[in-house]
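Provide a 3D model corresponding to the input given below.
(2 chains, ligands or ions: 2)
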Amino acid sequence: MKQTPEKRNALRDTPWLDPEQTPHVQLLDIRKNYGDFTAVDNISLDIYKGEFFSLLGPSGCGKTTLLRMLAGFEIPTQGRIILDGEDMSAVPPYARPVNMMFQSYALFPHMNVEKNIAFGLKQDKVPKAEIQERVAEVIELVQMQKFAKRKPHQLSGGQKQRVALARSLVKRPKMLLLDEPLGALDKKLRQDTQFELMAIQEKLGITFVIVTHDQEEAMTVSSRIAVMDHGRIVQVATPTQIYEFPNSRYVAEFIGEINIFQGVVENSDSENAAIISEEAGCRVETGRSTDIAENAHAWVAIRPEKFDISTEPPSDTRVNCMQGEVWDIGYLGNLSVYHVKLDSGKMAMAVRTNRARSIESSITWEDRVYLSWHPSAAVILSN
Amino acid sequence: MSEQNEIGFISNDPPHRAPGPIGSLHASLLAYTPYRWLAGKLAASGLRVRHLVIAVPYIWLLLFFLAPFLIVFKLSFSEYRIAIPPYAPIFEFIDQTYLQVRLSIDNYRLLFQDSLYIQAYLNSVRVAGISTLLTLLIGYPIAYSMVKARPRTRFILLMLVILPFWTSFLIRVYAWIGILKNEGLLNAFLLKIGLISEPLSLLNTDIAVYIGIVYSYLPFMILPLYANLEKMDMSLIEAATDLGCKPVPAFWKITLPLSLPGIVAGCFLVFIPAVGEFVIPDLLGGPDTLMIGKVLWTEFFNNLDWPLSSAVAVLLLLLLIVPIVLFQRHQQKTAESH
Ligand SMILES: Nc1ncnc2c1ncn2[C@@H]1O[C@H](COP(=O)(O)OP(=O)(O)OP(=O)(O)O)[C@@H](O)[C@H]1O
Ligand SMILES: [Mg+2]
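Ligands and ions are numbered 1, 2, ... in the order given. Below you'll find the model as predicted:
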């Protein structure tokens, strides 16, 4: 199937939607066992050239193990890794066109910044003049010119992290692996560095695979996110898709805040699905189809910011509307968080931006409120 | 903030200022009457009481190291005579009027004139140097494989290294006589497997001395190396590998330079005592194994020349001070860079 130029263009930023693209890295049915413990469980994954791909998941779910298999430090118990069409199984770490930025930075303490960065090039017997040139180039890229002669112990955490990044970039790897690269930085520096990382990645066009358990970070930097749980990948999608259309309760609850109500599918056709939820106390219409059978159990998930919260009842209180009493209010400056005790006894959380300055906003403790939402805001989950 | 802390770990009390290690040592020492008495006297004279704690090791060194040394030092300038004690006094009142001071540098002159002593010093340094190198070559792989072993095995290996300390050093050296002598275990074994047709004469040779020193001092090499290698960050090796360095070059470029402090510490711990070693060359060495420790013993006990043996000891100390100062410098430098 030939594609039109417009379509091509549109697909440039979403290569995973383009059937003509071949993936840059392919994980084929990868499994890693430690004794009888399975750290990574049958993962198959395609990552495309120039992606900023995040592995996100709780502690111990196998992110580092997966990354270390890509780097070659761990050998998969089963499965293959294909990089640029080449099977990496038999390639030792020192021969892989892949570099890793370590969580602990792993800078060589007995070498200064320049020597640390030049180390990789020296191993490849790159001519001296070229080494100098390329080292200077990456030092400039990470803005460490002033510190080139310092030893690692004379650097701050943020500076070390830059050197580690420069060291892993200088060999121009096909793929850069980053294991919680920003874990040691404070929030402000972290945010700045996230944007710098993105800028550098865009400039060099290298495929980045980053491990993090900070979901905000994953949302900010990634082209796509793989959410992992107990060695498995639960969902792979863009940040928006993950946030707006989680494919399971696990993903929904892992990323951001969400309200989940149990119910029974009442009817489901090609355009619409409706769920009767006792917990929500209403009929939920979603404006989307679902493949869950009628009369089966299902869950409705709604993000707190999708609610309209009001003391006045909407036109129809039986559809997409819940009622309850304000139990608690959290004032966060830009936002207010309302914890509402629904008539079913279940707690719901709603967030409203504080557009007006007035402190005596209309809603206060123990008020009776209505939470309503647009049909597109609710997501139906099967498990 | 702390009132909102649900877990309640944070209290509102100002934190108690913990006494430093010196302060707490001082507090516990106060239980002893002499210390309390001394502390009271010092406090009365305006000195800070806590300084007393720091003073304790210095007083110890003064009493048991500096004072004996000064006695030996003084002795080295007196003259030998056949008497009890076997030396002439340096200070003497003549006619109850004149204080006569007679400082002799004859002993030192003899040390430099008689080539025996120079030979012995040089030989000791050589034997100690070679032994140190051998211990390093044997100890490094052992320490390295101990670090690489699994935790359980590692503990067992560590115990095996320390275990020999539980038997007397002297007995262990004697045991080597049993192993090395002509009809000893080693020769019996080699004869049995047919590697040699007549026994090797190992005992009472320099080789036996090397074996004895390397065996006795190996733990002093292994332990500092082990301590150093154990805290080495293994991700550094991985980083080197990741950057294209094969495992063997990675050892030379990363592991070895980073273990240098351990190597230096181990070498000094072996070299310094080995130079003055007496027991091993005496028991395992031959009649012509010339080491300064043996010379010292002979001068002192056989010839009863206390002044000369004192001079030998003083010179030996000077000889050792050079590497010790170097060692100190090195320690300081590594301490500064970390
Ligand atoms: N060498 C090993 N031997 C045995 N088990 C291991 C080994 N390495 C990792 N594991 C186990 O594999 C699981 C996954 O570990 P991994 O380091 O990949 O987690 P992670 O997702 O990176 O977690 P974190 O966010 O805490 O870094 C963990 O349960 C861990 O205990
Ligand atoms: Mg990890």
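
just the C-alpha atoms of the helix or strand bottoming out on mean pLDDT in chain B, please, in PDB.
In chain B, no helix or strand scores lower on mean pLDDT, DSSP states H and E than helix B:21-29, which sits at a mean of 74. Output of helix B:21-29 as PDB, limited to C-alpha atoms (Å, rounded to 0.1, in the frame of the first residue of the first chain):
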ATOM      1  CA  PRO B  21      33.600  10.000  69.800                       C
ATOM      2  CA  ILE B  22      36.200  11.800  71.900                       C
ATOM      3  CA  GLY B  23      33.500  13.200  74.200                       C
ATOM      4  CA  SER B  24      31.900   9.900  74.800                       C
ATOM      5  CA  LEU B  25      35.300   8.200  75.400                       C
ATOM      6  CA  HIS B  26      36.100  10.900  77.900                       C
ATOM      7  CA  ALA B  27      32.800  10.300  79.600                       C
ATOM      8  CA  SER B  28      33.400   6.600  80.000                       C
ATOM      9  CA  LEU B  29      37.000   7.000  81.100                       C
END
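
which strands or helices does it pack on?
The helices and strands touching helix B:21-29, judged by 3 or more CB pairs under 8 Å, 6 or more residues apart in numbering or on different chains; DSSP states H and E, are helix B:50-61. In short, each C-beta sits where N, CA and C put it, glycine included.

ok so, going back, now the least confident helix or strand of chain B: buried residues?
Neighbour counts over helix B:21-29 (16 or more other CB atoms under 10 Å in any protein chain shown) mark B:26, B:29 as buried.

tell me the helices and strands packed up against the helix or strand following it.
Once helix B:21-29 ends, the next helix or strand along the chain (criterion: DSSP states H and E) is helix B:33-44. For helix B:33-44, the packing partners by 3+ CB pairs under 8 Å, 6+ apart come out as helix B:50-61.

could you redo the last one with a cut-off of 10 Å?
Contacts defined by 3 or more CB pairs under 10 Å, 6 or more residues apart in numbering or on different chains; DSSP states H and E place helix B:33-44 against helix B:21-29, helix B:50-61.

counting by contacts, list what the longest one packs against.
Pointing back at helix B:50-61 there. helix B:21-29, helix B:33-44.

now these in CSV, with distance to ligand 1?
Listed next are the helices and strands packed on helix B:50-61 as CSV, based on distance: least, CB to the nearest ligand atom, whole Å:
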stretch, distance to ligand 1
helix B:21-29, 35
helix B:33-44, 51
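
quick one, helices of the stretch 151-300 of chain A?
Listed in chain order, the helices of the stretch 151-300 of chain A (DSSP state H, counting those that start in this stretch) span residues A:157-169, A:187-204, A:215-221, A:239-244, A:249-254.

any chance of the helices and strands packed on helix B:33-44 in CSV, plus distance to residue B:90?
Below are the helices and strands packed on helix B:33-44 laid out as CSV (distance: least, CB to CB, whole Å):
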stretch, distance to residue B:90
helix B:21-29, 39
helix B:50-61, 25
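
and those: which comes nearest residue A:291?
Among those, helix B:21-29 comes nearest to residue A:291, with 68.7 Å by CB to CB.

quick one, the closest one and helix B:50-61 angle?
Angle of helix B:21-29 versus helix B:50-61, following axes from the mean of the first three to the mean of the last three CA atoms, to 10 degrees, is 80 degrees.

and the angle from helix B:21-29 to helix B:33-44?
Helix B:21-29 and helix B:33-44 are oriented at 120 degrees to each other (the same axes, to 10 degrees).

how distant is helix B:21-29 from the center of its chain?
Here helix B:21-29 is found 29 Å from its chain centre; the criterion is CA atoms, centre = their mean, to the nearest Å.

follow-up on the earlier one: can you check which of the helices of the stretch 151-300 of chain A gets nearest to residue A:147?
When those are compared by CB to CB, helix A:157-169 sits nearest residue A:147, at 6.0 Å.

can you check the pLDDT for residue 241?
No chain in the question, so chain A it is. Residue A:241 carries a pLDDT score of 91 in this model.

that answer is for a different chain, and I need it for chain B
You'll see residue B:241 listed with a pLDDT of 95.

assumed it was part of a strand.
No. Counting by DSSP: H, G, I helix; E, B strand; the rest coil, residue B:241 falls outside a strand, being helix.

and the gap between it and ligand 1?
Distance, residue B:241 to ligand 1, by CB to the nearest ligand atom, to the nearest Å: 16 Å.

I'd say that residue and residue B:247 touch.
Yes. With contact defined as CB atoms under 10 Å, residue B:241 reaches residue B:247; the gap is 6.7 Å.
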